[in-house]
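A.B. asks: Dropping a prediction and its sequence here:
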Amino acid sequence: MACRISELVIDSRDPERLAAFWCDVLGYAVLGRDEDGVEIGPAEGFGGLQPTIVFTPADRPKAGKLRLHIDVNPTDRDQEAELERLLAVGARPADVGQTGEETWHVLADPEGNEFCLLRRRLSG
């Protein structure tokens, strides 16, 4: 038997704002709120194949390049249409030294956490 990632925990200055952003990006819903933060996940709730994400309040989230980042894949549209959608919900382009030849886009969420939009590889 092996382990499975059940949740990711991300320190944030504004857990509500990041939860709303990532709900828009991933099609997730808020699953719970308490003094420890906001947890989001698939609408069907806990225990599915996709991990939930917990945004915990932190006065000083770690600055600089994180050792872990999220990659996302569009599931119901092409990459360019998804890029437009992500920019419209609050993502912004991030420069990490790309050459312009990459097949992915590097973006940042409202608190500057980098993530990549890959080409469509997954089905909904």
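C.D. replies: Looks like it arrived, so ask away. Numbering: from 1, shown residues only.
A.B. asks: Could I get the contacting residues of residue 72?
C.D. replies: 25-26, 115-118 (C-beta atoms under 8 Å, 6 or more residues apart in numbering). (Each C-beta comes from the backbone N, C-alpha and C, glycine too.)
A.B. asks: Domain parsing of the chain, as residue ranges.
C.D. replies: Residue ranges for the domains of the chain, per automatic domain parsing: 1-58, 68-124.
A.B. asks: Between the contacts of residue 72, which sits nearest residue 102?
C.D. replies: residue 116 (8.8 Å; C-beta to C-beta).
A.B. asks: Centroid-nearest residue for this protein?
C.D. replies: residue 22 (5.1 Å; C-alpha atoms, centre = their mean).
A.B. asks: Helix, strand, or coil at it?
C.D. replies: helix (DSSP: H, G, I helix; E, B strand; the rest coil).
A.B. asks: shouldn't it be in contact with residue 111?
C.D. replies: No. Residue 22 is beyond contact range of residue 111, at 10.7 Å (criterion: C-beta atoms under 8 Å).
A.B. asks: Could you pull up phi and psi at the nearest residue to residue 82 once chain neighbours are set aside?
C.D. replies: The spatially closest residue to residue 82, leaving aside those adjacent along the chain, is residue 74, at 3.6 Å (C-beta to C-beta, 6 or more residues apart in numbering). Main-chain torsions, residue 74, degrees, to the nearest 10: phi -70, psi 140.
A.B. asks: Can you report how many residues lie near residue 74?
C.D. replies: 20 (other C-beta atoms under 10 Å).
A.B. asks: Could you tell me how far it is located from residue 25?
C.D. replies: 11 Å (C-beta to C-beta, to the nearest Å).
A.B. asks: Sketch out the low-pLDDT regions of the protein for me.
C.D. replies: 1, 61, 63-66, 120-124 (pLDDT under 70).
A.B. asks: Show me where it has its helices.
C.D. replies: 15-26, 79-88 (DSSP state H).
A.B. asks: Show me the strands in the protein, by range?
C.D. replies: Using DSSP state E, the strands of the chain run over residues 7-12, 29-34, 37-41, 52-57, 70-72, 92-93, 105-108, 114-117.
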